[in-house]
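Enquirer: Pasted the sequence and its predicted model underneath.
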Amino acid sequence: MMDACSRWGLLWRSSSHRHGQRESLLWDGIQPLIFPNRSAARQYSRRKYGYINTRPDLRAEPYGWRMPSPVHILGIQWRKA
């Protein structure tokens, strides 16, 4: 049987003239970073990637990095019948 599950992830964003706009979910190497609620995703983003807000060189060309933003993820959770 399956149940719908609601979780939160972090969306990495960058924008530059050379590469255009890019967006992707952040991964921990094997699976996407998934959080039980939006506030946990925001706290992780601030703790791990907060330095981006204080670095104008990373926000400008050629990088164009932006702070990762929380996104709602809907998925399927499998359970034994």
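Expert: Cool, the structure landed.

Enquirer: Low-confidence regions, this protein specifically.
Expert: Low-confidence segments of the chain (pLDDT under 70): 1-3, 77, 81.

Enquirer: gap between the most centrally placed residue in the chain and residue 35?
Expert: Computing the C-alpha centroid of the chain and ranking residues by C-alpha atoms, centre = their mean puts residue 10 first, at 1.7 Å. Distance of residue 10 to residue 35, computed by C-beta to C-beta, to the nearest Å: 8 Å. For the C-beta atoms, the positions are set from N, CA and C on the backbone; glycine is no exception.

Enquirer: what do those two both touch?
Expert: The contact sets of residue 10 and residue 35 overlap at 41, 44, 70 (C-beta atoms under 8 Å, 6 or more residues apart in numbering).

Enquirer: helix, strand or coil for residue 51?
Expert: helix (DSSP: H, G, I helix; E, B strand; the rest coil).

Enquirer: Counting neighbours, what do you get for it?
Expert: By other C-beta atoms under 10 Å, 9 other residues sit near residue 51.

Enquirer: Make 26 the starting number, not 1.
Expert: With the count now opening at 26, the last piece we talked about shows up as residue 76.
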